[in-house]
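Asks: Sequence plus the predicted model coming up.
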Amino acid sequence: MEDLTVPTRTTPAAFLRCLLRVAAFALLLLAAGRPAWAVEGEGDITLQGRYWIDPSGQATIAQVAGGTAKLESTPSRHDFHLGDSALWVHLDLPRLDPSHDWFLMLTGAAFVDHASLFVRGADGLWQEQKAGDHVPVAQWSHPNFTPLFQVPAGTAEPVWLRLQNQPAPTSAYVRLLTGESLQQDRQWTYLLIGGYLGFGLLVFVVGLIHARLYRDSVFVAYCVYVACMLLFQLAFTGLGGLFFWPHSAAINDAGPATSMLLMTASGIWFTRQACALERHGRLADRAVRVFSVLGALFPLVYIPYDGPQVFAVLNVYGLLAVLMSLSMCAWTWYRGERYSGWLLLGFLPVHLGYIFPALRAAGKLPDSWATQYAVLIGSAIEIPVLLYILHARARDFTENRVRLRALDSTDALTGLPILPVFQLRLRDALRRARRWDHRCSLLLVELANHADIVARDGREAGDRALVVAASRLSAVVREVDTVCRVANTRFAILFEGPHLDAMRRLLAQHIVARGLEPLPRMPQNTNLRFRVLTASVPDGAIELSSGGRVDDQRLMERLDHLLDRMLGDSQRVVHHLEPHSEAEPAPA
């Protein structure tokens, strides 16, 4: 019948494909579930405005509205490198439905130092609403994860938007929303980023558990990288300033760049450890260490000397980090590190997502949903994939270490415990037997026809016969019993616990019968001819030395001598040593 069993082992490639499908399906649900504009006038109104750049950055709203501003049409999705200048945007709003509250929202919370909206009040005076990274979020006119302003409804008065930012370029991407749409937009943003942060914290805790379980420092570096990634997302999306440091404008302003540097430096350090770079090139390993440390220390330079040159170095550092990460994974994979290839694939989602904010910081892309959330989506895919790869890597390494440690206590050919281990267990068994006044059984088994198998079929066949003999002897005893190869063709079996002598005799017969079964992958009619000597111990006649001490070494020497004598009698296959009383003298 055809075997219809479904394999249960999941390969890393299958797991990665499944995870990517789930992520794509989640994005489709997110796109389908985002609220549609239900009120006329909502949406992007950036192109409806006209702009003017104040070179001095000192012009007041009265001067600008009074005719100082030389307005130009706003280009589609254009970035402005302002420096010390100020960008003024004149927005002619349509007559808004007074049954709704209306708001203007800017994107790119990490790229606006000062944002102010000027609205003419009923008394004819200009009223200012403030936001931006240089103002604590708690002091914004409308605290939000991105600059938000309220506009009057029922009138068609124009409004003025003033923006300042350096050294990054500024993009005046403005959306007009009702209060209901704003609330729905907030809920979806909190759901998306909150779910991401919760999942990231879960992965962080699981990584710490793996670090404790496998005692592998790679998991510690991975957890540091995950923590820096979560911190970067909090600062970059604006939720950190809204919920975690609402009263600190300094953290809100320096957070995106600082957390980006920490994330990049920790990611390079983690990649270096996961790829075992030190084993493949000490010079390259030192260079990567220096690069990572420079990234961690660079905020000490960036914060006090925030300027175009330092900002350019920041962007170059991020680009070099991406190239270095890919190069390390590819090079070590080429040099034989099997898991470096999987790490290369695991890093791809973040590296591809990094393109959007990098181009945004360089002024090549305007603010958009992609520049704001591309790295977040990429890291949501990357973080669990990397954890799975590290888990598979640590599992394989642990299995190798266990096998290496097992070589110190097992026979290399048969996999049975070595003689010192057997002697230790025999000594403990004799002590327990005397303490609780019962006997256990000790059997010596000789593979009598091993020399004939080697002479007829070769040394390889002889080794195979020893392996099969060890397997069959282990199969006839319990898990608590011990089988050991004490010599080239001789095995010892410790049958522990109180039992009847009839069980010892039956076990010897069973061993002989199992040996007569045909050998796999051997010539026909080839079998194992076992010769068995059994003894019930403790037996005062054979294992007591002077002083009444239990001597396992003397016991084994005595049984070896008796088995050698028995091998001289070709007719005897099994011999049982019956227990003697300790009061009886030992036979000569």
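Replies: Now that the structure is in, tell me what you want to look at.

Asks: need the contact list for the residue nearest the centre of the chain.
Replies: Nearest to the mean C-alpha position of the chain, counting by Cα atoms, centre = their mean, stands Leu387 at 1.8 Å. Residues near Leu387 by Cβ atoms under 8 Å, 6 or more residues apart in numbering: 203, 206-207, 210, 222. C-beta here means a position set from N, CA and C on the backbone, and glycine is covered the same way.

Asks: wait, Ser85 sits on Ala59?
Replies: No - shown here, Ser85 and Ala59 do not form a contact pair, counting by Cβ atoms under 8 Å, at 10.0 Å.

Asks: if we can go back for a sec, in terms of helices and strands, where is the residue nearest to the centre of the chain?
Replies: For Leu387, the enclosing helix or strand under DSSP states H and E is helix 369-406.

Asks: Could you list the buried residues of the helix or strand following that helix?
Replies: In the C-terminal direction, the helix or strand that comes right after helix 369-406 (DSSP H and E) is helix 419-436. Neighbour-count burial for helix 419-436, counted by 16 or more other Cβ atoms under 10 Å, picks out 421-423, 425-426, 429-430, 433.

Asks: again, but for stretch 188-196
Replies: Using 16+ other Cβ under 10 Å as the test for burial, stretch 188-196 gives 189, 192-193, 196.

Asks: Mind putting the residues you listed into a markdown table with pLDDT and distance to Asp216?
Replies: Compiled in a markdown table, the buried residues of stretch 188-196 are given as follows (pLDDT from 0 to 100; distance: Cβ to Cβ, whole Å):
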| residue | pLDDT | distance to Asp216 |
| --- | --- | --- |
| Thr189 | 88 | 36 |
| Leu192 | 88 | 32 |
| Ile193 | 89 | 30 |
| Tyr196 | 91 | 26 |
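
Asks: which of those residues lies closest to Asp306?
Replies: Among the buried residues of stretch 188-196, Ile193 lies closest to Asp306 (Cβ to Cβ), at 26.3 Å.

Asks: relative to helix 369-406, how tilted is the one helix or strand that closest one maps to?
Replies: Assessed by DSSP H and E, Ile193 sits inside helix 179-214. With axes from the mean of the first three to the mean of the last three Cα atoms, to 10 degrees defining the directions, helix 179-214 sits at 10 degrees from helix 369-406.

Asks: Low-confidence bits of the stretch 101-250 of the chain, can you list those?
Replies: 108-110, 154-156 (pLDDT under 70).

Asks: Turn the buried residues of stretch 188-196 into TSV, columns for distance to Leu528.
Replies: Formatted as TSV, the buried residues of stretch 188-196 follow (distance: Cβ to Cβ, whole Å):
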residue	distance to Leu528
Thr189	73
Leu192	68
Ile193	68
Tyr196	63
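
Asks: Starting from the helix or strand hosting Phe103, tell me which strands it pairs with and how they run.
Replies: Per DSSP H and E, Phe103 falls inside strand 102-106. Applying DSSP bridges to the sheet, strand 102-106 is found paired with strand 148-151 (antiparallel), strand 174-178 (antiparallel).

Asks: got the angle for the helix or strand following it vs strand 174-178?
Replies: Remark: after strand 102-106, the chain's next helix or strand is strand 114-120, criterion DSSP H and E. With the same axes, to 10 degrees applied, the angle from strand 114-120 to strand 174-178 works out at 60 degrees.

Asks: And strand 114-120, what does it pack against?
Replies: strand 126-131, strand 148-151, strand 159-164 (3 or more Cβ pairs under 8 Å, 6 or more residues apart in numbering; DSSP states H and E).

Asks: Output the below-cut-off pLDDT ranges for this structure.
Replies: Counting by pLDDT under 70, the chain contains low-confidence ranges at 1-41, 76-77, 108-110, 154-156, 363, 399-409, 539-551, 579-588.

Asks: My guess is Gly207 contacts Cys223. True?
Replies: Yes - at 4.3 Å, Gly207 counts as touching Cys223 under the criterion of Cβ under 8 Å.

Asks: out of those two, which sits in the more crowded spot?
Replies: Gly207 (25 against 21; other Cβ atoms under 10 Å).

Asks: From Tyr51, how far out is that one?
Replies: Separation of Gly207 from Tyr51 (Cβ to Cβ, to the nearest Å): 47 Å.

Asks: Could you do Leu419 as well?
Replies: Using Cβ to Cβ, we find Leu419 at a distance of 89 Å from Tyr51.

Asks: One more: Gly66?
Replies: For Gly66 relative to Tyr51 (Cβ to Cβ), the value is 17 Å.
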